[in-house]
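Give me the fold of what follows.
(2 chains, ligands or ions: 1)
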Amino acid sequence: MSSAPRTLFAKLWDAHVVHRFPGGGPALLYVDLHLVHEVTSPQAFAGLRQAGRPVRRPELTVATVDHNVPTGDRTLPIEDPVSARQLDALAVNAREFGVELFDLQSPNQGIVHVIGPEQGFTQPGMIIVCGDSHTSTHGAFGALAVGIGTSEVEHVLATQCLVWSEPRTMEARLTGTAGPGVTAKDLILALIGSIGTAGATGHVIEYTGDAISALSMEQRMTVCNMSIEAGARAGMIAPDETTFAYLAGRPRAPAGAAWTRAVAAWGELRSDPGATYDRRVTLDAATVPPQVTWGTSPGMVTGVTGAVPDPADFPTDDERRAVSRALEYMGLEPGTRLEGLPIDRVFLGSCTNGRIEDLRAAARVVRGRRVASGVRAMVVPGSQLVRAQAEREGLDRVFREAGFEWRNAGCSMCLGMNADILKAGERCASTSNRNFEGRQGRGGRTHLMSPPMAAAAAVAGRLVDVREWAWEREGEGERAAS
Amino acid sequence: MGVGEGRGGGARRVVIEPFVRHTGAVAALPRADVDTDQIIPKQFLKRVERTGFGPALFYDWRFRPDGSVNSGFELNRPEAQGATVLVAGANFGCGSSREHAVWALREYGFRAILAPSFADIFYANCCQNGVLPVRLSSQEIVELLRRHAAASGAYRLSIDLVEQRVEDGAGFAAPFAIDAYRREMLLHGLDEIGRTLLEESRIVAFERGRERGDGRRETW
Ligand code: SF4
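Numbering: from 1, shown residues only, chains lettered A, B, ... in the order given. Model prediction:
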């Protein structure tokens, strides 16, 4: 059969079309995996109940609690009665509608975008949805993974389908080799800085190039995770040997003969040579220094050696206003160098950077050192399994001995729905994905960066260039000279 | 179950407030990248209902930390009271997928939001709730903001979804585009789930096709 070369996106789209509404309307697409959490689902289940509808495919639906959960001592009752009510509602809904739930007691509980891949639910070729914008994370496996609203959650629960107008495609080609101390987080922040927070609106991004193939699965997840911060509907990376090696033996991944068939099918999931995208952007990874945000959107970012910009240097009125507002909120003057900026708090965690490799990378920077006096630093593993693994490797001791708080899994200070929040005016080095006003607590000032950068900031008590830091490099076992 | 009867009611069931045309007072929020964390801050996301979010709209902007009204915020100006049409900057509704943002805007009183661009998930969430998102060019938005300011905030707009037109009755008129499917759902306030369940036989055929492995890809 001869057909025009197709992108990875087009292959996934075509394979899931149940029906095309006439007149160039949207398509009805079949959903392979629906992830559910406590904050965006109660109204959806209530809607089903009201209309007398069942969950169509409960076995393709998985629920966890993450956004709202306390990350302190799990043996104590939940203090906030409103949070408790939301967690209870999910438990009741999961039971009534027959959906599997990873609850607070489960050793596998964690952030929805961490446990999906960790358990092997997330697989190449799937359409995956979740009532959460960072669903784009799962695209790292060559899945088409999109965040949806609560009405759409109800729609997928009832029909196992999503109504979606075909998005445009964008190729983001990352070439070259990232320098030492430069992580996937820095690459994606630099990309967002260059195309803007609405740079990919209406598009699905496929990340390609040597700098992407060289990344581990965890790093690829970091990249895809932040696609939404560039406005993209989804981000995706073609599956390869790295992907298969990650998935092999995961509890929910196919096994035996099914695994062999799956890998053969997954091998086909890549853009054909000559396939065209609606847009293309490129970035040379070798030119990217460690990134730090200075403003109140992830696109307000620069290299750590850079300085806070002057609103007057921006071309449009809108931008000048936005930058002035951001600097006022952040308590920063134009021209202030980012290196050396004192910080009060450090947050290591989130679905962007709360996986085991992130904790290892941060621990290498911290080992044998102390958190600066006056700085409060916390590590919140992305899942209880990440936490357990880190404890097996002794990373919890590295962090605790340095003075970090070592917590249970959840979203925590990424959005501050639980008790983990910044106070007004506190400045935080954070490995999460959003530096919006008030995101980590009203009046709190968030600087996004990589785990090694945040770890170094914790020790120094100010923002530092991790490339200048004497730290144990991966695979070396001894301190590299600074 | 025959075609035309989705489980739990057919597609013609009106579940959201239809949007046909609307005339109302305008409030201006000339800021770009207004994210859903601002529209409805996280401390209000713990409700398990779809209602009760209006009072929390733009909470951290409308109210000072001590709970007093921040009179400098655009929506707190006297002339913005009772506004039902919001004119905003580019990339409105970016960030979190929380539909609570749209529930809050609707409950506060907004029926239409006009901006040069919207974040994708937010745009879809609006359509699910009878709030019309209208994309106009940046120049048109600038012109609306100028007219709003010139009238000292006493400014009204009509938005007609049948004609796909925005006008102020004083010389400003602009067409806007919207997907035919979404337009139909909004005009009639239709239940999208009921609409999809009309395609039950196609969904079942798709599911069977996979089970049989008749050439269609398995889940993977
Ligand atoms: S960690 Fe943060 S971004 Fe990720 S799902 Fe939780 S709240 Fe959302």
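
Quick check: which ranges of chain A have low pLDDT?
Judged against pLDDT under 70, the low-scoring parts of chain A cover residues A:1-2, A:473-482.

What lies in contact with stretch B:34-43?
The list of residues contacting stretch B:34-43 from outside it, by CB atoms under 8 Å, 6 or more residues apart in numbering or on different chains, reads A:297, A:415-417, A:434, A:436-439, A:442, B:53, B:56-61, B:88-89, B:91-98, B:100-101, B:103-105, B:119, B:122. In this view, the C-beta of every residue, glycine as well, is placed from N, C-alpha and C.

From the residues you listed, which land in helices?
B:59-61, B:100-101, B:103-105, B:122 (DSSP state H).

with these in mind, which one is nearest to A:Gly149?
B:Phe122 (8.1 Å; CB to CB).

Now the closest residue to B:Arg98 other than its chain neighbours. Its backbone dihedrals?
Computed as CB to CB, 6 or more residues apart in numbering or on different chains, the closest residue to B:Arg98 that is not its neighbour in sequence is B:Thr36, at 5.2 Å. Backbone torsions of B:Thr36, given as degrees, to the nearest 10, read phi -70, psi -20.

Output the below-cut-off pLDDT ranges for chain B.
Low-confidence regions of chain B, defined by pLDDT under 70, span residues B:1-15, B:212-220.

For the ligand, what is the nearest residue in chain B?
Here chain B gets closest to the ligand at one residue, B:Ser96, 7.1 Å apart by CB to the nearest ligand atom.

Distance of that residue relative to A:Gln105?
Between B:Ser96 and A:Gln105 the distance is 27 Å, computed by CB to CB, to the nearest Å.

Same question for A:Ala372.
Distance of A:Ala372 to A:Gln105, computed by CB to CB: 36 Å.

Among those two, which residue is more densely surrounded?
A:Ala372 (17 against 8; other CB atoms under 10 Å in any protein chain shown).

Nearest spatial neighbour of that one, chain-adjacent residues omitted?
Nearest one to A:Ala372, counting by CB to CB, 6+ apart, is A:Gly461 at 2.9 Å.

same check, this time on A:Thr242
By the measure of CB to CB, 6+ apart, the closest residue to A:Thr242 outside its immediate chain neighbours is A:Met217, 6.0 Å from it.

looking at it, the one you found is touching A:Pro117, isn't it?
Yes: contact between A:Met217 and A:Pro117 holds when scored by CB atoms under 8 Å: they sit 7.2 Å apart.

tell me, what's touching these two both at once?
A:140-141, A:246.

Pick out whichever of the residues you listed sits closest to A:Phe347.
When those are compared for distance to A:Phe347 (CB to CB), A:Ala140 comes out closest, at 22.3 Å.

Return the residues in contact with the residue lying closest to that closest one once chain neighbours are set aside.
What sits nearest to A:Ala140 in space, not counting adjacent residues and going by CB to CB, 6+ apart, is A:Arg220, at 3.8 Å. Contact partners of A:Arg220, counting by CB under 8 Å, 6+ apart, are A:140, A:184, A:207, A:212, A:237, A:242.

so the fourth one, which of the three states?
The reference is to A:Ile212. helix (DSSP: H, G, I helix; E, B strand; the rest coil).

so how many other residues sit close to it?
For A:Ile212, the number of neighbouring residues by other CB under 10 Å comes to 24.

So the residue of chain B closest to the ligand sits against A:Ser133, correct?
Yes: at 5.5 Å, B:Ser96 counts as touching A:Ser133 under the criterion of CB under 8 Å.

residues in the stretch 301-450 of chain A within reach of chain B, list them.
Within reach of chain B by CB under 8 Å from any CB of the partner chain, the stretch 301-450 of chain A has these residues: A:318-319, A:321-322, A:325, A:415-417, A:424, A:434, A:436-439, A:442-443.

same thing but at 6 Å, please
Contact residues of the stretch 301-450 of chain A with respect to chain B, defined by CB under 6 Å from any CB of the partner chain, are listed as A:318, A:322, A:415, A:417, A:436, A:438-439, A:442.

which residues in the stretch 101-250 of chain A form helices?
Taking DSSP state H, counting those that start in this stretch as the test, the helices found in the stretch 101-250 of chain A are A:112-119, A:150-159, A:184-195, A:210-213, A:217-225, A:241-247.

Looking at these, which is nearest to the ligand?
Comparing these against the ligand with CB to the nearest ligand atom, the closest turns out to be helix A:112-119 (5.7 Å).

which ones are touching A:Gly142?
Neighbour list for A:Gly142: A:124, A:238-239, A:269 [criterion: CB atoms under 6 Å, 6 or more residues apart in numbering or on different chains].

so can I have TSV of the residues you listed showing distance to A:Trp13?
Supplementary listing: those in TSV, determined by distance: CB to CB, whole Å:
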residue	distance to A:Trp13
A:Pro124	15
A:Ala238	15
A:Pro239	16
A:Leu269	12
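
so which of those comes closest to A:Arg6?
Distance from A:Arg6 was checked for each of the contacts of A:Gly142 by CB to CB. The minimum falls on A:Leu269, at 10.7 Å.

Assign the residue nearest to the spatial centre of chain B to helix, strand or coil.
Residue closest to the mean C-alpha point of chain B, counted by CA atoms, centre = their mean, is B:Cys126 at 2.4 Å. Here B:Cys126 takes the helix state, with states given by three-state DSSP.
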